[in-house]
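Visitor: Build the 3D model from these lines:
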Amino acid sequence: MRAGALRRVVQIQRLAYAQDANGEPMESWLTWKSVYAHVSPMRGQTYLQGQSQEASVDTRIRIRYQDGIDQETMRVQHGRDIYKIESVIVIDERREMIELMCRKQV
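Guide: Numbering: from 1, shown residues only. You can find the predicted model right below:
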């Protein structure tokens with residue numbers, strides 16, 4: 001994919017735990033990296049097989065290769081939209097691009 005197609009800025013966020021004023025544990029999302037991306041909504045529903053369950057995916061986010069993206073503890077923010085990462089797909093053996101198969105959270 002040409003660099004010109006990566007024209008949206010997204011934030012890859014990591015789940016972090018902290019304590020509130022009362023000492024209670026609370027979850028918060030911290031920006032891990034801001035990267036350029038190609039965000040493309042998918043038509044219909046695409047189902048991915050994974051870990052004995054089917055996940056509905058509605059958005060494909062393509063970015064340059066980033067080492068360390070974890071679908072269990074990370075998500076993507078694009079503007080006001082938040083996306084749960086369902087699958088991380090390395091496009092080719094040269095590790096130039098990654099596709100994040102995501103589901104938009106409401």
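
Visitor: From residue 100, how far out is residue 90?
Guide: Relative to residue 100, residue 90 is positioned 11 Å away (C-beta to C-beta, to the nearest Å). The C-beta positions use only the backbone N, C-alpha and C, and glycine is treated the same way.

Visitor: So between these two, which is more surrounded?
Guide: Neighbour tally, residue 90 and residue 100, criterion other C-beta atoms under 10 Å: the higher count belongs to residue 100, 27 against 13.

Visitor: what are the bridge partners for the more buried one, then?
Guide: residue 61, residue 88 (DSSP bridges).

Visitor: low-scoring stretches of the chain, by residue?
Guide: Residues of the chain meeting the criterion pLDDT under 70: 1-4, 43-56.

Visitor: which residue sits farthest out from the middle of it?
Guide: Within the chain, residue 22 marks the point farthest from the mean C-alpha position, 31.7 Å out by C-alpha atoms, centre = their mean.

Visitor: Which residue ranges of this structure form strands?
Guide: 8-19, 25-50, 53-64, 74-78, 81-90, 97-105 (DSSP state E).
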